[in-house]
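Colleague: make a model of this:
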Amino acid sequence: MRLRLNIRNKLLFSILLVLLVSYAILAITTFKSVNYALEAQVSRNLEENLHYAQSQLFARADLITYSLSQPTSAPPVLENIRMHNLPWLAGALQRWRKVIPFVEVLTLVDPQKRVLARVGSGKSDRLAGLGYMMEQAFRTRKTVVSTELVSREFLEQEGGIAITPNMLMENEAMVMVVAMPVFAADGTLIGGVLAGDIINNDPNLPFQVQEVFGKEVEVTITQRGHRIASSIAEEIASPVSIDTEIMKRLERRLTYRGEAKIGNKYYETVIAPIANQGGEVIGSLSVALSSDYFTRIKRDNMRNIMASGAIGVLLSFGLAYLLARRVSKPLTDLTRGVEQIEAGELGQRVVVTSRDEFGMLADSFNRMASTLYERERTITGKTRDLQRLNEDLEQRVGERTMALRIEMGMLEAILTSMAEGIVVTDRENRVTLFNPSAQKIFGLTPNRVMHQPIEQACDMGGFCMLLEHIDAVRAGEGPTPREEVLRVAGRKIKVSLSPLMDEAGGFAGVVMSIRDVTVEEEVDRMKTEFISTVSHELKTPLTSMKGSLQFILAKGKWLTQTERELLSVCQRNTDRLIRLINDILDISTIESGRMQFAFGQVSIGELVVYACEEIKGFAQGRNISIVSDVATDLPPVCADHDRLIQVFTNLLSNAVKFSPSGKTVLVSAIRTGNYVTVSVADMGKAIQWSDREKLFKKFQQLGSSDPRERSGTGLGLAICKEIVEQHHGRIFYESGAAGGNVFTFTIPVYEETLNER
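Modeller: Have a look, this model is predicted:
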């Protein structure tokens, strides 16, 4: 069974969970912080205790140095040392020892380290040991202080006390040694004093440290790892020696800080090595605090933290309960209001007196209820309106559907009755439309090609050469629409291909318009032959008429002015008819393939000069200047000299004819790749867009307000186009950058043409 909790309990539990987690984190971090602070404090205390213990260890050496510096500098002492008054010096040593009674070793030597007097019972005039310290004191002329291990023999000879077993550790004792040189008044070295305090015989140092830092501090002095003085209880410390790993660290003259076991207890310790004058580690000085002391402090801290946490949790529980109750009551009221609105009581309102977020929520709820009430009324009204609109929409959809059906029927009838064939493919190159005209042209039935790949239809219809053009349209190559002329089964077919685009502008297929132009081509051929024949028949009598008119005008001096003008008009019209017939014969000859071209090496510059001279008279009559801007380094072209002159003459005469008086016609030529590009530019009125498509068609004359500009055959540009294409070039029109018109054609370079052939 799934437990269900209301918002108040959830809020209460959430607050308690947050508080418990917060208290737990706080307790853990506090405990860790206290432990860290405690450990840091203990570490600092141990360091301070160690420094104090070290100062106490060397304090007696300082006291010995101070106590001996006064008497050894007194004149009587210096005099007796110089005189080697041994009895007097022995008495002096006894007096000095009374001043520093803790000194067990006190010996006076001369500069050769021979004993002058000692407090011990030794009879030898040589030191039993530590001669190297006296030698260093003599050499440095300074007091030398060091902690040294001495043998039993040294203590028996130089010591002034009885030797007990407790003083020795493996027949050696640790002694704080002071070697002091003695100088005469003039600075001459006259001897030295060797004093020593046996540390093994002085267990009071650890307790002096305890008196300062408290009984929790344990101080121990060891000799070669074994205790010789300690504040730890005897039964705990007696069997204890320093751990081997710790000894290895001390032997490297490094201080050890960490936990160490002494007896059955663990201590936080700081152990410093004690080295002799030669740098050898001979013992250690350690300060320790029992781990029980730490444990007790940690336990007290944990107890205090847990007590504070428990009190905080109890107080937080009470506050959380009151807060959850206060927070949940407005939510409960809002819940009841929502349930009533859900039941359809849109007039329900919630009363919350607080000015906090709950009050704002209640106000928002009441505004929402009012808005819902108003919107419910609006929706009811809009629903009725939508019902009426839906009825109207259904009626309009029906009407539109009927109209679309009619349009589809019309489109189907148009496609069915069209003389041109229509073939449509989709983006997968499958045939989706194949109208009856296309069926008739290719001799295929719809059931054989519909929804089949266009490649399969091409194989069946024998028009596979169309595939490369379809692929070009699909790839977006070349101009669109793309027009091609094919021969299928002995018929000439003209195909126009255009891409079909979808709503997003993406490729959706190809639309092909197919027209059988076999009959048109035959009619055009017959028309051309008829015109050629008629023109040929007309040219002979017109030539005779022209000759007769020229003869009459040249010899008929008896003609009146009126008769001469009438004959001149006849001659001009005869010339016009002859030019028209010549143009018709030229284009007919070119189209029929009967015109012969004499290709050779031709200079464009010479052609331009010749053409300009030929048209110069006509240009001057119209006040037009012809300027040549042909490069001098142009290569020769492969062309028919006379036919290219005909192209230049036609283009220049048109430019002069359509240029305003006083303007300039510019002829230019440059090399472009394997071709020479020639341009003829005039400053006349630009040709309209609607007329540009029919510029190079036969019998086309552009509209003009000046009748003189219309006095032509309309075949000049068509002849130019045919001649240029026979030269494997192309001719095209562009509007000038600064106005006017530019006609441009290309002719292949002579060397490139020879290489291709």
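
Colleague: now do the SS call for residue 253.
Modeller: Three-state secondary structure (criterion: DSSP: H, G, I helix; E, B strand; the rest coil) places residue 253 in coil.

Colleague: per-residue confidence at it?
Modeller: pLDDT, residue 253: 81.

Colleague: how close does the closest residue in space to residue 452 that isn't next to it in sequence get to residue 448?
Modeller: Ranked by C-beta to C-beta, 6 or more residues apart in numbering and with sequence neighbours excluded, the top spatial neighbour of residue 452 is residue 431, at 5.8 Å. The way it works is simple: take the backbone N, C-alpha and C, and place the C-beta from them, glycine included. Computed as C-beta to C-beta, to the nearest Å, the residue 431 to residue 448 distance reads 10 Å.

Colleague: so what sits against both of these two?
Modeller: When contacts are counted by C-beta atoms under 8 Å, 6 or more residues apart in numbering, residue 431 and residue 448 are jointly contacted by residue 457.

Colleague: quick one, which of the two is more surrounded?
Modeller: Here residue 431 and residue 448 are set side by side on neighbour count (other C-beta atoms under 10 Å), and the busier one is residue 431, at 22 against 14.

Colleague: looking at it, that one is touching residue 439, isn't it?
Modeller: No. Assessed by C-beta atoms under 8 Å, residue 431 is found out of contact with residue 439, at 11.5 Å.

Colleague: can you tell me the closest non-neighbouring residue to residue 641?
Modeller: The spatial neighbour of residue 641 that comes closest, neighbours along the chain excluded (C-beta to C-beta, 6+ apart), is residue 602 at 5.3 Å.

Colleague: next, the contact list for that neighbour, please.
Modeller: 636-641, 644, 750.

Colleague: if we use 10 Å, what do you get?
Modeller: Taking C-beta atoms under 10 Å, 6 or more residues apart in numbering as the definition of contact, the neighbours of residue 602 are 636-641, 644-645, 747, 750.

Colleague: now do residue 19
Modeller: By C-beta under 10 Å, 6+ apart, the contact list for residue 19 reads 312-313, 315-317, 319-320.

Colleague: residue 148 too?
Modeller: With contacts defined as C-beta under 10 Å, 6+ apart, residue 148 is in contact with 129-130, 132-133, 154, 172-177, 196, 275-278, 280, 282.

Colleague: what about burial for those residues, which qualify?
Modeller: 129-130, 132-133, 154, 172-177, 196, 275-277, 282 (16 or more other C-beta atoms under 10 Å).

Colleague: re earlier: can you read off the pLDDT for the residue nearest to residue 641?
Modeller: At residue 602, pLDDT is 92.

Colleague: which residue packs closest to residue 446, ignoring adjacent ones?
Modeller: residue 434 (5.3 Å).

Colleague: likewise residue 146?
Modeller: residue 277 (4.1 Å).

Colleague: out of the contacts of residue 602, flag the one nearest to residue 149.
Modeller: Of all the contacts of residue 602, the one with the least separation from residue 149 (C-beta to C-beta) is residue 750, at 119.8 Å.

Colleague: number of nearby residues for that closest one?
Modeller: Neighbour count of residue 750, defined by other C-beta under 10 Å: 19.

Colleague: who touches it in this structure?
Modeller: Contact partners of residue 750, counting by C-beta under 10 Å, 6+ apart, are 599-603, 635-639, 676.

Colleague: likewise residue 85?
Modeller: With contacts defined as C-beta under 10 Å, 6+ apart, the neighbours of residue 85 are 76-77, 79, 91-92, 116-117.

Colleague: make JSON lines out of those and add distance to residue 650.
Modeller: Compiled in JSON lines, those are given as follows (distance: C-beta to C-beta, whole Å):
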{"residue": "76", "distance to residue 650": "151"}
{"residue": "77", "distance to residue 650": "147"}
{"residue": "79", "distance to residue 650": "151"}
{"residue": "91", "distance to residue 650": "156"}
{"residue": "92", "distance to residue 650": "151"}
{"residue": "116", "distance to residue 650": "148"}
{"residue": "117", "distance to residue 650": "150"}
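
Colleague: give me the mean pLDDT for the longest helix seen in the chain.
Modeller: As far as residue count goes, and with DSSP state H defining each element, the longest helix of the chain is helix 7-69. Helix 7-69 carries an average pLDDT of 75.

Colleague: chain center to the host helix or strand of residue 333, what's the gap?
Modeller: In this assignment (DSSP states H and E), residue 333 forms part of helix 291-342. For helix 291-342, the separation from the chain centroid amounts to 49 Å (computed by C-alpha atoms, centre = their mean, to the nearest Å).

Colleague: now stretch 144-153
Modeller: Taking C-alpha atoms, centre = their mean, one finds the center of stretch 144-153 at 75 Å from the center of the full chain.

Colleague: just use 26 as the starting number from now, easier for me
Modeller: With the count now opening at 26, the last piece we talked about shows up as stretch 169-178.

Colleague: returning to what we had before: restricted to helices, list the contacts of residue 173.
Modeller: Taking DSSP H as the definition of helices, the contacts of residue 173 contribute 157-158, 179.

Colleague: confirm the residue nearest to residue 477 sits in a strand?
Modeller: Yes. Residue 456 sits within a strand when classified using three-state DSSP.

Colleague: look up which residues are beta-bridged to it.
Modeller: For residue 456, the beta-bridge partners under DSSP bridges are residue 450.

Colleague: tell me which helix or strand in the chain has the weakest average pLDDT.
Modeller: Of all the helices and strands that make up the chain, the one with the lowest confidence by mean pLDDT, DSSP states H and E is helix 259-262; it has a mean of 43.
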